[in-house]
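A.B. asks: Give me the fold of what follows.
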Amino acid sequence: MRGGGTLTAPAFTLAEVLITLGIIGVVAALTMPSLIQHHREKQTVTSLKAAYSIFSQAFTMAVKDGVQPQDWGFSDIVASKDDEGNTHYENEENAASSKILFDTFVKHLQVAKICQPGDSSCLPTVNKGSFYSGILANGMSFNFIQRSGSCSSVSGTTPQLKNICADLTVDIDGPAKGRNAWGKDWFRFHVTKYGLIPKGTKEDTKWSFEKVCYTTNTATYNGDYGESCTAWVMYNENTDYLRCKDLSWDGKHKCR
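C.D. replies: Prediction:
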């Protein structure tokens, strides 16, 4: 500049700085919950698919040992009711069958901890009755509940769903993390004569997504709600059932 002067940019006033910071804070407050939710959802999908892969491989290896699931030696689940009509599964028959089923898979898994029947430290509240549970080396926890020793329990219309042997429950982030709730980090699979299938597929008429995933069905399904969200997460790759109640296999697959 003429006269030796220098050109300087106008400085922001304190008020302008505070307004800008306030706007940034508001935007962050509006967007962060959505980003966290999206990240958690993607993590859930990835972890659930990983669990399916791990246990499917273990099933394949167990069958390659030369014995089909219906010949593994476990019996049908045994239940009894008390005077108030509550169902109980604590008995020696269930414990013996649970051990057979559990051991069949465990020798093909990397297991960090095994919990005896009645010990819920591997799978809190889910591991009721006479069932063994465990924690994998990657932190996931799991248990098996036998249904039919002949693998003839029926839950739907496909060959797999007409030949169910047991249930597999997986806590995808382990007992010490997450929300410990069905459809959030607890998920369940059918163990069939032909392999694993996630609960709640379109063909799963007994444990359907519409009936046993939504939390509005607690009275009908006695606390099992959310148990049939597994197929939805694996195939649609979202947990939108936590946010809207009008989803279905034949209709909407996302809230929006």
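
A.B. asks: any idea how far residue 97 lies from residue 148?
C.D. replies: 11 Å (C-beta to C-beta, to the nearest Å). From N, CA and C alone the C-beta is placed, and that goes for glycine too.

A.B. asks: higher neighbour count, the two?
C.D. replies: Each of residue 97 and residue 148 has its neighbours counted (other C-beta atoms under 10 Å); residue 97 has more, 24 against 19.

A.B. asks: Could you pull up the contacting residues of the nearest residue to that one once chain neighbours are set aside?
C.D. replies: Spatial nearest neighbour of residue 97, chain neighbours left out: residue 74 (3.8 Å); criterion: C-beta to C-beta, 6 or more residues apart in numbering. Shown in contact with residue 74 (C-beta atoms under 8 Å, 6 or more residues apart in numbering): 96, 97, 98, 100, 101, 146, 149, 166.

A.B. asks: Which pair in these has the greatest spatial separation?
C.D. replies: Of all pairs drawn from the contacts of residue 74, the greatest distance, 14.0 Å, lies between 96 and 166 (C-beta to C-beta).

A.B. asks: re earlier: reformat the contacts of residue 74 as CSV; add distance to residue 79, secondary structure and pLDDT.
C.D. replies: Converted to CSV, those look like this (distance: C-beta to C-beta, whole Å; DSSP: H, G, I helix; E, B strand; the rest coil; pLDDT from 0 to 100):
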residue, distance to residue 79, secondary structure, pLDDT
96, 15, helix, 93
97, 13, helix, 93
98, 14, helix, 92
100, 18, helix, 94
101, 17, helix, 94
146, 12, strand, 93
149, 14, coil, 95
166, 15, strand, 97
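
A.B. asks: Can you select the buried ones from the residues you listed in ChimeraX?
C.D. replies: With 16 or more other C-beta atoms under 10 Å as the criterion, this ChimeraX line picks the buried residues out of the contacts of residue 74:
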select :97,98,100,101,146,149,166
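
A.B. asks: Closest to residue 205 out of the contacts of residue 74?
C.D. replies: For the contacts of residue 74, the minimum distance to residue 205 (C-beta to C-beta) is 18.9 Å, reached by residue 166.

A.B. asks: Quick check: the closest one touching residue 193?
C.D. replies: No. With contacts counted by C-beta atoms under 8 Å, residue 166 stays clear of residue 193, the gap being 10.6 Å.

A.B. asks: Now do the SS call for residue 150.
C.D. replies: Under DSSP: H, G, I helix; E, B strand; the rest coil, residue 150 falls in the coil class.

A.B. asks: Now do the contacts for the closest residue to it other than its chain neighbours.
C.D. replies: Excluding its sequence neighbours, the residue lying closest to residue 150 (C-beta to C-beta, 6+ apart) is residue 70, at 5.3 Å. With contact taken as C-beta under 8 Å, 6+ apart, residue 70 is in contact with 149, 150, 151, 152, 165, 193.

A.B. asks: Please check the residues you listed and keep the buried ones.
C.D. replies: 149, 151, 165, 193.

A.B. asks: May I ask which two of these are separated the most?
C.D. replies: 149 and 193 (11.6 Å).

A.B. asks: Residue 176: which of the contacts of residue 74 is nearest?
C.D. replies: Closest to residue 176, out of all of the contacts of residue 74 and judged by C-beta to C-beta, is residue 98, at 23.3 Å.

A.B. asks: My guess is that closest one contacts residue 149. True?
C.D. replies: No. Taking contacts as C-beta under 8 Å, residue 98 lies outside contact range of residue 149: 11.9 Å.
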